[in-house]
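Q: quick one: sequence plus predicted model below, questions after.
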Amino acid sequence: MPQLPLPPGSTLGILGGGQLGRMLSQAASRLGFDVVILDPQPDCPAARVSRAQITAPYDDPDALQALGRLCDVVTFEFENVPAASVETLAEAGALVAPGPTALAVGQDRVDEKTYLNAVDAPTVAFAAVTTLDDLTNAIERLGLPALLKTRREGYDGKGQVWIRDAAEAEAAFDAIGRRPAVLEAAAVFQRELSIIAARGHDGAVAVYPLGENVHKNGVLKTTIAPAAVDPATQARAEQIAAAVLDGLDYIGVMGIELFDMGADSEGKPELLVNEVAPRVHNTGHWTQDGCVCDQFEQHVRAVVGWPLGPTQAHARIEMTNLLGAEVEDWRALAAQPDARLHLYGKHDARPGRKMAHVNRIL
Ligand code: AMP
């Protein structure tokens, strides 16, 4: 195991070479680290700003051995990293952060919700579903409407079907491929918030101001941060974040999506956790132009054992994702003095693909 803090000149490995890996790599190189990317797609967005890419599948044992030998610490930009890959990396001598427990919890919606409720981070009521009978029973218990989601590998609203009438249950189960699932009670929320939090090797926790998010077709469209919330709501979100990170002995940045349910019967803010992502998060991109130390630098600091950076906002930001052909607006956006454009260097602007984002100072 390498000695911490890692000095500049050390090498950081990243599993995954999309935009999150790219922005992590840029932050790491600013602090003097070298970055190696593992991604099956040649010439991926992160590799083009990094020292090297190993082009191989995420479960290729030789590639993982090579990455582990080259790197002092390895992190990832997505949560569906096979547990065996993490073991291989650790065997090759690399520190892996966040660790395997955080990954396992982030990969399975039932395990995730069970964990969250155990650390006093409440969620909607839910039931695990493996058969059509389970689904029928879950509908009886939770009521309708309810949302059926695959237990694993769902993101950006994929692998999810609303059930509004019991007669729709079988079709909904078919629509998600009869895979192991979770049925969730519908949250009647006032708005969607999220909080970006980090925890270091020494157990220090740093939390950013809440952001308010708007989704379109299950995909994030905008984040406004700091959100217009009262101090009690921010304090409750920070309490939830600290409990979630401490309970996992978590190292790195985590994104926590929340439903703002308004005040409970005692007048206290009620926040439910929708989901957690054990990585930097799209709803944290506002920090690039709203904070001195953004979520990407914060994640690098956390995993290499440096002190965490400041999290207060020096500006209020509206972040807008540019999906698919919306990226063609780059010329007009580049001419707007208040628009900070972040382009991911992706070649193919397929419909719905995250191509870039714009931060505007409000
Ligand atoms: P997810 O992929 O779980 O983040 O869900 C995508 C979006 O679907 C969320 O941002 C919410 O807008 C909505 N959603 C997810 N779960 C629920 C729920 N239990 N009740 C109401 N809306 C939900």
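A: Nice, thanks for sending it over.
Q: show me where the stretch 51-200 of the chain has its helices.
A: 61-70, 83-91, 100-107, 109-118, 132-142, 169-175 (DSSP state H, counting those that start in this stretch).
Q: quick one, which of those is nearest to the ligand?
A: Nearest to the ligand among the helices of the stretch 51-200 of the chain is helix 109-118 (7.7 Å), distances taken as C-beta to the nearest ligand atom. All C-beta spots, glycine's among them, are computed from the backbone N, C-alpha and C.
Q: in the stretch 51-200 of the chain, what spans have low per-residue confidence?
A: 155-157 (pLDDT under 70).
Q: and Met261, that one's in a strand?
A: Yes - judged by DSSP: H, G, I helix; E, B strand; the rest coil, Met261 forms part of a strand.
Q: the nearest residue to it once chain neighbours are set aside and Val188, how far apart?
A: For Met261, ignoring the flanking residues on the chain, the nearest one in space by C-beta to C-beta, 6 or more residues apart in numbering is Glu270 at 4.0 Å. Applying C-beta to C-beta, to the nearest Å, the value for Glu270 to Val188 is 11 Å.
Q: show me which residues of this structure are close to the ligand?
A: Residues of the chain lying near the ligand by C-beta under 6 Å from any ligand atom: 124, 147, 154, 157, 184, 186-187, 192, 215, 218, 257, 274-275.
Q: let me know the closest of those to Thr88.
A: Nearest to Thr88 among those is Gly154, at 25.9 Å by C-beta to C-beta.
Q: excluding its backbone neighbours, what's nearest that closest one?
A: Nearest non-adjacent residue to Gly154, counting by C-beta to C-beta, 6+ apart: Gln160, 6.1 Å away.
Q: which residues sit in contact with the one you found?
A: Leu147, Leu148, Lys149, Thr150, Gly154, Ile176, Gly218 (C-beta atoms under 8 Å, 6 or more residues apart in numbering).
Q: look up the residues forming beta bridges with it.
A: Listed by DSSP bridges, the beta-bridge partners for Gln160 are Lys149.
Q: quick revisit: helices or strands up against the strand or helix carrying the residue nearest to Met261?
A: Under the criterion of DSSP states H and E, Glu270 resides in strand 269-277. Here strand 269-277 touches helix 100-107, helix 109-118, helix 231-247, strand 252-263, going by 3 or more C-beta pairs under 8 Å, 6 or more residues apart in numbering; DSSP states H and E.
Q: picking that back up, can you select the buried ones from the residues of the chain next to the ligand in ChimeraX?
A: The buried residues among those can be selected in ChimeraX (16 or more other C-beta atoms under 10 Å) with this line:
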select :124,147,154,184,186,187,192,257,274,275
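Q: okay, and which of the residues of the chain next to the ligand map to strands?
A: Leu147, Glu184, Glu192, His215, Glu257, Asn274, Glu275 (DSSP state E).
Q: of the contacts of Gln160, closest to Tyr115?
A: For these, the nearest to Tyr115 is Lys149 (16.4 Å; C-beta to C-beta).
Q: burial count for that closest one?
A: Other residues within reach of Lys149, judged by other C-beta atoms under 10 Å, total 22.
Q: endpoints of stretch 175-185, how far apart?
A: 19 Å (C-alpha to C-alpha, to the nearest Å).
Q: what does that stretch rub up against?
A: The contact list for stretch 175-185 (C-beta under 8 Å, 6+ apart) reads 109-110, 113, 124-130, 135, 138-139, 142-143, 146-152, 159-161, 163, 173.
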